[in-house]
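> sequence isn't available, so here's the structure alone:
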């Protein structure tokens with residue numbers, strides 16, 4: 001039984017792992033020369049409710065990538081405005097570690113290989129076409145292509161191509177597989193009929209920072225610098241994809257996090273103004289390179305799906321990550337990917353598909369975000385364990401748990417311990 005995963009971000013990698021564990025032959029196709037996509041520019045794990053979700057994922061038997069990020073963390077249990085328990089993985093070391101994890105599991109990796117079209121028969125995808133004209137067949141397909149790009153979208157809904165880590169000019173634009181199969185994609189909005197949202201952070205070269213700033217960043221993991229009063233712009237917070245950071249503190253201060261590089265918690269910031277701040281006089285953007293003007297635009301391609309991650313209208317296409325909803329974050333991508341990969345094998349075998357219960361934070365997020373996607377208001381919000389609307393819900397429903405033993409007991413009580421390690425074939 002063969003599963004093809006299209007897209008090698010966090011969700012695609014996790015889907016490949018759980019499909020492999022369930023007994024499938026798995027081939028992953030990634031259009032660039034690196035796995036992880038935005039994961040190469042991220043770095044924040046376990047903050048706020050993500051701590052709970054990470055431990056749920058481990059208890060469910062899909063903790064492989066959590067262990068990889070934990071093992072490559074530069075700082076643990078860090079606090080910054082409105083965030084606790086944060087772990088920062090090193091963005092410059094993480095990708096080779098994930099490649100090794102997948103190769104050790106004998107997952108086939110096809111890099112610089114862009115999927116451009118599908119062949120469909122009735123409600124089933126038969127195979128995929130690659131940009132070189134090659135045709136590849138499989139039994140079940142999982143789309144994790146994300147929702148960013150191509151360049152025209154960043155120009156239309158943003159400030160142009162920001163030359164981000166996804167590198168559309170070099171490796172070609174994102175292609176929506178669900179759309180190619182005849183399913184109409186949904187879009188997130190940031191205001192009335194304005195689609196998409198800016199990615200929430202930039203990276204500065206650490207060596208371009210002042211000595212004192214760099215020393216504090218290396219030691220504590222966080223540096224907070226005051227923005228000159230005349231440059232504070234609260235309106236800019238509205239464009240951010242990461243609503244958990246759309247707080248006054250993130251407009252009045254420059255917040256830097258140590259993820260190997262200096263992660264600057266703003267969508268973009270004019271370089272001349274940035275260099276007015278003490279300690280940033282020689283600051284240099286490294287991703288997106290045009291971080292003085294703009295950032296990538298996301299949430300332009302979301303597939304309608306059920307809570308088992310299958311795309312509505314297709315019998316053998318599953319989705320995960322941003323392709324599956326207005327999710328923010330690596331942990332959220334891993335959670336949706338784990339379920340999609342496992343259910344891809346169940347689907348082939350004719351077994352009932354797994355839906356994670358709302359008693360778990362992961363199951364609740366997947367179903368809640370799906371329900372919200374149906375309304376115009378819901379499409380203006382983003383859903384993450386780390387803050388904003390969903391973290392409040394998580395706390396209100398008693399799903400925010402920091403005791404690892406309590407999380408294990410809850411998963412065990414639901415008879416779901418190591419469910420994602422179950423070999424089905």
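Sure thing, it's come through. A quick note: this is a predicted structure, and the numbers were derived from the prediction, not measured.
> so where's this protein uncertain?
Applying pLDDT under 70 to the chain picks out residues 233-247.
> domains in it, as residue ranges please.
Domain segmentation of the chain under automatic domain parsing yields 2-73+88-191+299-421, 200-287.
> between the ones you listed, which one is closest to residue 79.
Comparison of the domains of the chain against residue 79 by Cβ to Cβ identifies domain 200-287 as nearest, at 7.6 Å. In short, each C-beta sits where N, CA and C put it, glycine included.
> for residue 46, what are phi and psi?
Torsion angles at residue 46 (phi, psi; degrees, to the nearest 10) stand at phi 60, psi 10.
> does it touch residue 54 like I think?
Yes: using Cβ atoms under 8 Å, residue 46 is in contact with residue 54, at 5.5 Å.
> got any residues that touch both of these two?
residue 331 (Cβ atoms under 8 Å, 6 or more residues apart in numbering).
> give the buried residues for the helix or strand harbouring residue 127.
Assigned by DSSP states H and E, residue 127 belongs to strand 124-130. When burial is assessed from 16 or more other Cβ atoms under 10 Å, strand 124-130 yields the following buried residues: 125, 127, 128, 129, 130.
> of the residues you listed, closest to residue 348?
So of these, ranked by how close each gets to residue 348 (Cβ to Cβ), first place is residue 125, at 12.7 Å.
> mind listing the residues bridging to that closest one?
Following DSSP bridges, residue 125 is listed with bridge partners residue 120.
> give me whichever of the domains of the chain is most buried.
Using mean count of other Cβ atoms under 10 Å, the stretch among the domains of the chain with the greatest mean number of neighbours is domain 2-73+88-191+299-421 (a mean of 21).
> name the SS class of the residue of the chain positioned farthest from its centre, please.
Ranked by distance from the centre of the chain (Cα atoms, centre = their mean), the top residue is residue 230, with 34.0 Å. Following DSSP: H, G, I helix; E, B strand; the rest coil, we place residue 230 in the helix state.
> ok, it - contacts?
Per Cβ under 8 Å, 6+ apart, neighbours of residue 230: none.
> quick one on the thing from earlier: JSON lines for the buried residues of strand 124-130, including distance to residue 207?
JSON lines is the format used below for those (distance: Cβ to Cβ, whole Å):
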{"residue": "125", "distance to residue 207": "47"}
{"residue": "127", "distance to residue 207": "48"}
{"residue": "128", "distance to residue 207": "42"}
{"residue": "129", "distance to residue 207": "44"}
{"residue": "130", "distance to residue 207": "39"}
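> what's in contact with stretch 413-425?
1, 18, 21-24, 59-62, 338, 341-342, 345-346, 349, 351, 354, 356-357, 359-360, 408, 411.
> circling back: closest one of the buried residues of strand 124-130 to residue 114?
For those, the nearest to residue 114 is residue 130 (6.6 Å; Cβ to Cβ).
> chain neighbours aside, what residue packs nearest to residue 77?
Counting by Cβ to Cβ, 6 or more residues apart in numbering, residue 77 lies nearest to residue 85, which is 5.9 Å off, once chain neighbours are set aside.
> make CSV from the domains of the chain and add distance to residue 80 to it.
Conversion of the domains of the chain to CSV gives the following (distance: least, Cβ to Cβ, whole Å):
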stretch, distance to residue 80
domain 2-73+88-191+299-421, 8
domain 200-287, 5
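> relative to residue 81, which of those is closest?
Residue 81 lies closest to domain 200-287 among those, at 4.1 Å (Cβ to Cβ).
> next one: that closest one to chain centre, how far?
Distance, stretch centre to chain centre, for domain 200-287: 21 Å (Cα atoms, centre = their mean, to the nearest Å).
> now swap in stretch 115-123 and tell me
For stretch 115-123, the distance to the chain centre is 25 Å (Cα atoms, centre = their mean).
> how about residues contacting the helix or strand hosting residue 99?
Using DSSP H and E, residue 99 falls within helix 94-104. Helix 94-104 has contacts (Cβ under 8 Å, 6+ apart) with 13, 16-17, 28, 34-36, 39-40, 43, 64-65, 68-69, 71-72, 109.
> recalculate using a threshold of 7 Å.
For helix 94-104, contacts defined as Cβ atoms under 7 Å, 6 or more residues apart in numbering pick out 13, 16, 34-36, 39-40, 64-65, 68-69, 72, 109.
> return the subset of the residues you listed lying in helices.
13, 16, 64, 65, 68, 69 (DSSP state H).
> so the first one sits right up against residue 34, yeah?
No: with contact defined as Cβ atoms under 7 Å, residue 13 does not count as touching residue 34 (11.5 Å).
> leaving out sequence neighbours, find the closest residue to residue 43.
Among residues not flanking residue 43 along the chain, residue 259 sits closest, at 3.0 Å (Cβ to Cβ, 6+ apart).
> dihedrals phi and psi, that neighbour?
Taking degrees, to the nearest 10 as the convention, residue 259 sits at phi -120, psi 30.
> for the stretch 101-250 of the chain, just list every one of the helices.
151-157, 168-171, 177-180, 211-220, 249-252 (DSSP state H, counting those that start in this stretch).
> who wins for proximity to residue 121 among those?
Using Cβ to Cβ, the helices of the stretch 101-250 of the chain put helix 177-180 closest to residue 121, at 13.9 Å.
> quick one on the thing from earlier: what's the farthest-apart pair in the ones in helices among the contacts of helix 94-104?
16 and 69 (16.4 Å).
> give the contact list for residue 185.
176, 178, 179, 301, 302, 303.
> switch to 6 Å and redo it
Residue 185 sits next to 176, 179, 301 when contact means Cβ atoms under 6 Å, 6 or more residues apart in numbering.
> same check, this time on residue 14
Residues near residue 14 by Cβ under 6 Å, 6+ apart: 65, 334, 337, 338.
> quick check: closest non-adjacent residue to it.
Leaving aside its sequence neighbours, residue 14 sits nearest to residue 337 (Cβ to Cβ, 6+ apart; 3.3 Å).
> whichever strand or helix holds that neighbour vs helix 94-104, what angle?
Applying DSSP H and E as the criterion places residue 337 in helix 330-349. Between helix 330-349 and helix 94-104, the angle comes out at 20 degrees (axes from the mean of the first three to the mean of the last three Cα atoms, to 10 degrees).
> got the contact list for helix 330-349?
Here helix 330-349 makes contact (Cβ under 6 Å, 6+ apart) with 1, 3, 10-11, 14-15, 18-19, 22, 24, 39, 42, 50, 53-54, 62, 65, 139-140, 142, 308-309, 318, 320-321, 324, 353-354, 362, 384, 420, 424.
> where exactly do the strands run in the stretch 1-150 of the chain?
Counting by DSSP state E, counting those that start in this stretch, the stretch 1-150 of the chain has strands at residues 2-6, 25-29, 44-45, 73-80, 83-89, 108-110, 115-121, 124-130, 135-137, 140-143.
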